[in-house]
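Novice: sequence isn't available, so here's the structure alone:
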């Protein structure tokens, strides 16, 4: 089973207008209202692939109620904890020249809310399951909250994928997360190391099992150790894909969590599970770029890319 | 009793950001979430003045549920009819250089929904009461819907104020509304007459009792007939007010509806009730400009303007 944690989910509202002009009034069309937030997007991709993931995190207010309803309608299981404040809305205004995004901060949560979340996660997970922790944390989150979830999971023999940024990314590495999935910018900002491979290596040295870095159009690079030797795997899409990059990282995390969960050998570590499946990570991520809404992917693109993407392995020079 | 009809209410969400840049992502602060729509704003102003108005109209979805909750919390009575689609949200992004507004169209309503609304209005109203019909109508509204509400009210000896635009404004005049409150631009657009006094006269000729035109900083001009002679009343604020003009028209309507409702003489028509109270219309409208949120007004400004605004009466030359 794959469990995704979205501590700061969002109701994603998309508007369409001809041209967004600051200072003016606009009549907008509503393109969609969907359940969003990185972990929710991961779950939607997994559900579309026939998996039965469970979403957890915090929800509140009328926006939270609407997200529950949208997940029910999509047949996605969820065990969100109620919080006082309303769940944030993310407004995306699409006009003829691009997309403008307005991100609310999210409601305040407490240390007690996080302890309740840890209890829910512990109740739902069994050894061999995969825990995905994605996205930002809401105001009030204790600094150690995500790392503590990672440690609990490692102790329960649950595999953990973390897609986050800043100090939380470093703390997840320290706590021994199986896979970290930052993008290049997040990785550099958190480690203060410019070279992507060296920066990924710094997270391995802290305790992570494998670091998969998404590079946008250039695909992914993964860095991990095999019998004490640092190895690098790369995979790039065989064609240029232009579309909506929002959600591409979440699709990558969905592919990583599937690879982790499908390796049932007792000695199956993050490297041996995920590195050979990096073409799947690139294909699903590219297929997400071709879908208009984050959490969706284009099936023909996925199949085409899956057949035509290769994984290359090299030794790291350090 | 004053009953306000808001066929297309809105959940008004206000964001604050430093500078809105099209094509970019923004972290925004939430300034407020309030129950909006013109008739709802009128009711909020009336409630703050110690009245006990009732709001009716259509509400749906989680946004509709939030509006009910906000009205309950404000102690404003409401008898909204449930509709299928979600009530619209209006997003206002305030940055250092001004306000950018995103208006959703609102949910689809049917002719049957409007018949139910007419039944609710008929049940709640008694002779001498005041009916306020404000704002746009949602998609699916039959062309005659507002005019039909006006005719029913006139038949019941209920006084009617209508604040709307386009063909609906003309239809409300034809149906014999006691007071129409367009702004100058709406008046010109609906009548295709450039001169404001002549345009207001055209609405009187169609059947309206009094036309009060809001002129922004210049105050208001009202046109009506007294014993067959066309008269003009003007009132202008004694000082320049800069602030948030959204909701100033709704405050004007609140003052008009109070003037209509407080004249209990059996021969009290719209002209004799409202024309002498135009200084109140200007004062409350100006006090609304000084409040940051539509539906609120600044009490000291109201009191100051009320004492210092005069109403001037002239004969119309036609």
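Specialist: It's in. As the structure is a prediction and not an experimental result, all values here were calculated from the model.

Novice: which stretches of the stretch 201-318 of chain A form strands?
Specialist: For the stretch 201-318 of chain A, the strands defined by DSSP state E, counting those that start in this stretch occupy A:210-214, A:220-226, A:229-235, A:311-315.

Novice: got a list of contacts for stretch A:82-90?
Specialist: Outside stretch A:82-90, the residues that touch it by Cβ atoms under 8 Å, 6 or more residues apart in numbering or on different chains are A:8-13, A:36, A:58-64, A:67, A:101-109, A:113, B:13, B:33. C-beta: built from backbone N, CA, C; applies to glycine.

Novice: now, the residues you listed that are in strands?
Specialist: Secondary structure assignment by DSSP state E places A:10-13, A:36, A:58-59, A:101-103, B:13, B:33 of the contacts of stretch A:82-90 in strands.

Novice: just among the residues you listed, which is most surrounded?
Specialist: Ranked by the number of neighbours (other Cβ atoms under 10 Å in any protein chain shown), the ones in strands among the contacts of stretch A:82-90 place residue A:36 first, at 30 neighbours.

Novice: circling back to that earlier point, want to throw the ones in strands among the contacts of stretch A:82-90 into JSON lines with pLDDT and distance to residue A:178?
Specialist: Formatted as JSON lines, the ones in strands among the contacts of stretch A:82-90 follow (pLDDT from 0 to 100; distance: Cβ to Cβ, whole Å):
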{"residue": "A:10", "pLDDT": "96", "distance to residue A:178": "26"}
{"residue": "A:11", "pLDDT": "95", "distance to residue A:178": "31"}
{"residue": "A:12", "pLDDT": "92", "distance to residue A:178": "28"}
{"residue": "A:13", "pLDDT": "92", "distance to residue A:178": "34"}
{"residue": "A:36", "pLDDT": "94", "distance to residue A:178": "25"}
{"residue": "A:58", "pLDDT": "98", "distance to residue A:178": "24"}
{"residue": "A:59", "pLDDT": "98", "distance to residue A:178": "27"}
{"residue": "A:101", "pLDDT": "93", "distance to residue A:178": "31"}
{"residue": "A:102", "pLDDT": "95", "distance to residue A:178": "34"}
{"residue": "A:103", "pLDDT": "92", "distance to residue A:178": "29"}
{"residue": "B:13", "pLDDT": "92", "distance to residue A:178": "40"}
{"residue": "B:33", "pLDDT": "88", "distance to residue A:178": "40"}
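
Novice: adding distance to residue A:143, write these out as TSV.
Specialist: Compiled in TSV, the ones in strands among the contacts of stretch A:82-90 are given as follows (distance: Cβ to Cβ, whole Å):
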residue	distance to residue A:143
A:10	22
A:11	27
A:12	28
A:13	31
A:36	25
A:58	17
A:59	23
A:101	27
A:102	27
A:103	21
B:13	30
B:33	29
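
Novice: find the closest residue to chain B in the stretch 151-300 of chain A.
Specialist: Here the residue of the stretch 151-300 of chain A nearest chain B is residue A:246; by Cβ to the nearest Cβ that distance is 9.6 Å.

Novice: contacting residues for that residue?
Specialist: residue A:294.

Novice: repeat that for residue A:65.
Specialist: Shown in contact with residue A:65 (Cβ under 8 Å, 6+ apart): A:59, B:62, B:65.

Novice: distance check, the most centrally placed residue in chain A against residue A:294.
Specialist: Nearest to the geometric centre of chain A sits residue A:250, at 4.0 Å (Cα atoms, centre = their mean). Counting by Cβ to Cβ, to the nearest Å, the gap between residue A:250 and residue A:294 amounts to 7 Å.

Novice: give me the common contacts of those two.
Specialist: Common neighbours of residue A:250 and residue A:294, counting by Cβ under 8 Å, 6+ apart, are A:41, A:288.

Novice: coming back round to it: which of the strands of the stretch 201-318 of chain A comes out lowest on mean pLDDT?
Specialist: Out of the strands of the stretch 201-318 of chain A, strand A:311-315 stands lowest, with a mean of 90 (criterion: mean pLDDT).

Novice: which of the strands of the stretch 201-318 of chain A sits most buried?
Specialist: Highest mean neighbour count of the strands of the stretch 201-318 of chain A: strand A:210-214, a mean of 26 (counted as mean count of other Cβ atoms under 10 Å in any protein chain shown).

Novice: for that strand, packing partners?
Specialist: In terms of contacts (3 or more Cβ pairs under 8 Å, 6 or more residues apart in numbering or on different chains; DSSP states H and E), strand A:210-214 is packed against strand A:179-180, helix A:184-191, helix A:196-206, strand A:220-226, helix A:248-262, helix A:270-274, helix A:278-289.

Novice: contacts for it, please.
Specialist: Residues outside strand A:210-214 that contact it (Cβ under 8 Å, 6+ apart): A:178-184, A:187, A:196, A:200-201, A:203-204, A:220-224, A:248-249, A:252, A:256, A:270-271, A:274-275, A:278, A:281, A:285.

Novice: just give me how far that strand sits from the chain centre.
Specialist: How far strand A:210-214 lies from its chain's middle: 12 Å, per Cα atoms, centre = their mean, to the nearest Å.

Novice: before we move on, what about stretch A:6-24?
Specialist: 21 Å.

Novice: may I ask which helix or strand encompasses the closest residue to residue A:254 other than its chain neighbours?
Specialist: The shortest distance from residue A:254 to any non-neighbouring residue, by Cβ to Cβ, 6 or more residues apart in numbering or on different chains, is to residue A:45 (3.9 Å). Using DSSP states H and E, the element containing residue A:45 is helix A:38-48.

Novice: what mean pLDDT does that helix have?
Specialist: Per-residue scores along helix A:38-48 average to 96.

Novice: check stretch A:109-124 too.
Specialist: 97.

Novice: does that stretch come close to chain B?
Specialist: No: shown here: stretch A:109-124 not in contact with chain B (Cβ under 8 Å from any Cβ of the partner chain), separated by at least 15.9 Å.

Novice: got a list of contacts for that stretch?
Specialist: Contacts with stretch A:109-124, where a contact means Cβ under 8 Å, 6+ apart, come from A:1, A:3, A:5, A:7, A:54, A:56-58, A:79, A:81, A:83, A:131, A:138-142, A:145, A:148-149, A:152-153, A:156.
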